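A.B. asks: Please find the sequence and the predicted model below.
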Amino acid sequence: MRERLITLACAVGALLLAAALFVRHPAAGSRSVALPTTIEHRGNGLLGAWTWLAAEGVRTVSLRERFDAVAKRRDLARDGNLLIVTLPVATPWQAQESRALDEWIRAGNTLLALAALSDRPDWSHGGLSVHNDLQRLTGLDFEPAHTGGGSHEPESPEAAAARLIEASRELAKPQPGTLVPNRPPHLYLHGVSRVLAWSDYAAQPWSVRLPRDGFLLSLAHQAETGEGVLWTRLLGEGTLIASGFGSLFSNRSLGQADNARLLANIVGSAVRPGGAVLFDDEHQGLAAAYDPAKFYNDPRLYRTIGVLAAVWLVWVLGGTRLKLPQTRVPAPREAELVRATGGFLARVLRPAAAARRMFEHFFRRLAAGSRRASPGAGPPWGWLEHHPRLNRAEVQQLKDWYARACSGERVPLARLHNLMVRTERQLDI
């Protein structure tokens, strides 16, 4: 039990170390922000508008590619489509997209740009490029509206710093902004009395400057400031609609006041039979291509890692042998002792000395087993050469090896041993 507890502690420590090295931790105080995409179900997402239009029989398309690829899609009609773009964007624009989008609108389509100018939902906080992006898409220039009682004096550095600090502080409670139609109401505003937008940060009113090369129609203004917040202009055979409120059709706004009526009027006027409503998800980070941030933010990744970690822990604790069985080494046999001793002697004993010692023992055995051989008379070569049972060549081989051993030359010990054994058997000793 103790071994398994130690193994569990080590395994948990290894998992924590891996998590500290490879898992990304959000910065302190950061929180997840709901982006205006068609898959976002929180307050600032567009899933409500997507679902509602689809339920009403309007074809909806989540655009997850660049604008220059829209005209090449065979599943979309050439004209009669509505593209809804929210600004600021999370993915920067490319130069060719502006030209492709301008041609697409002039071919008979409609662009609805929802720019967070007069409202500031949390996803637009820090989006400094909203004015440049809106000017690139619509051709309209925007400048801060003067709300100081008509005074046009330059703002002091202290007042500007205080205003920036106040603008960067999140509001304790979201503040509404109200869109009110101008008179007489436009087709888009039929049956619309007021539309609400919500700000999570302090908003700055903006006013539009008329383009030099066209006519701009102001459709509505903000009730709190009196500045315009909804404009439209013709562009070729198509239409461009710009809104200074970026949260008009978000999940938390769509069901309030006349927001849904405004969206229905725009869709009913812009979308022709065979057309579709396109939501720009590409520039809000929802791309069809691989996105590392999206991969790491997917909760399925962490659920998979959790399952694998649990299976690994179960295997470590239950499927591994934590303690090896004790094995007893048996006592060595006599043959093993002899072999080990012989190996040791073979490393330190010279072959010539071993051969001489083997001949000494051989001559003693001959003297003990034969009555004719005497122990002290020297090598009995004459007796061996005249013995009828022995081969003269083998006896001569013994004599040659004996002479080589006495002179210190190397002798093949294994062959010498075998020849001695065969000689003793022939003599029946």
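C.D. replies: Looks like it arrived, so ask away. Numbering: from 1, shown residues only.

A.B. asks: now the strands for the stretch 201-350 of the chain?
C.D. replies: Using DSSP state E, counting those that start in this stretch, the strands of the stretch 201-350 of the chain run over residues 206-209, 217-222, 228-235, 238-243, 277-280.

A.B. asks: how about the CA coordinates for the last one, as CSV?
C.D. replies: Taking Å, rounded to 0.1, in the frame of the first residue of the first chain, the C-alpha atoms of strand 277-280 are listed here in CSV:
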residue,chain,number,x,y,z
VAL,A,277,-27.6,36.8,-45.2
LEU,A,278,-23.9,36.5,-44.7
PHE,A,279,-22.3,37.0,-41.2
ASP,A,280,-18.7,37.9,-41.2
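
A.B. asks: Go through that strand and flag the buried ones.
C.D. replies: The neighbour-count check on strand 277-280 (16 or more other C-beta atoms under 10 Å) flags Val277, Leu278, Phe279, Asp280 as buried. Using the backbone N, CA and C atoms, a C-beta is placed for each residue, glycine as well.

A.B. asks: which residues sit against that strand?
C.D. replies: 37-38, 46, 49-50, 53, 58-63, 70, 76, 81-86, 267, 271 (C-beta atoms under 8 Å, 6 or more residues apart in numbering).

A.B. asks: What's the ChimeraX line that selects buried ones from these?
C.D. replies: The ChimeraX command for the buried members of the contacts of strand 277-280 (criterion: 16+ other C-beta under 10 Å) is given here:
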select :37,38,46,49,50,53,58,59,60,61,62,63,70,76,81,82,83,84,85,86,267,271
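
A.B. asks: pLDDT on stretch 130-148, on average?
C.D. replies: The average pLDDT for stretch 130-148 rounds to 71.

A.B. asks: Identify all contacting residues around that stretch.
C.D. replies: Taking C-beta under 8 Å, 6+ apart as the rule, stretch 130-148 contacts 85, 87-89, 93, 98, 101, 111, 113, 115-117, 124, 152, 204-209, 211, 213-214, 216, 225, 227, 231, 233, 240, 242, 244.

A.B. asks: mind checking how far that stretch is from the chain centre?
C.D. replies: Computed by C-alpha atoms, centre = their mean, to the nearest Å, the chain-centroid distance of stretch 130-148 equals 38 Å.

A.B. asks: So what's the residue count around the closest residue in space to Ser407 that isn't next to it in sequence?
C.D. replies: In this structure, Ser407 finds its nearest non-sequential neighbour in Ala352, 7.9 Å apart by C-beta to C-beta, 6 or more residues apart in numbering. Here the number of neighbours of Ala352 (other C-beta atoms under 10 Å) works out to 17.

A.B. asks: if I look at Ala352, how far off is Phe362?
C.D. replies: The gap separating Ala352 from Phe362 is 15 Å, by C-beta to C-beta, to the nearest Å.

A.B. asks: And the host helix or strand of the residue nearest to Ser407, what's buried?
C.D. replies: Ala352 is part of helix 351-369 when elements are defined by DSSP states H and E. Neighbour counts using 16+ other C-beta under 10 Å place Pro351, Ala352, Ala354, Ala355, Met358, Phe359, Phe362, Phe363, Arg365, Leu366, Ala367 of helix 351-369 among the buried residues.
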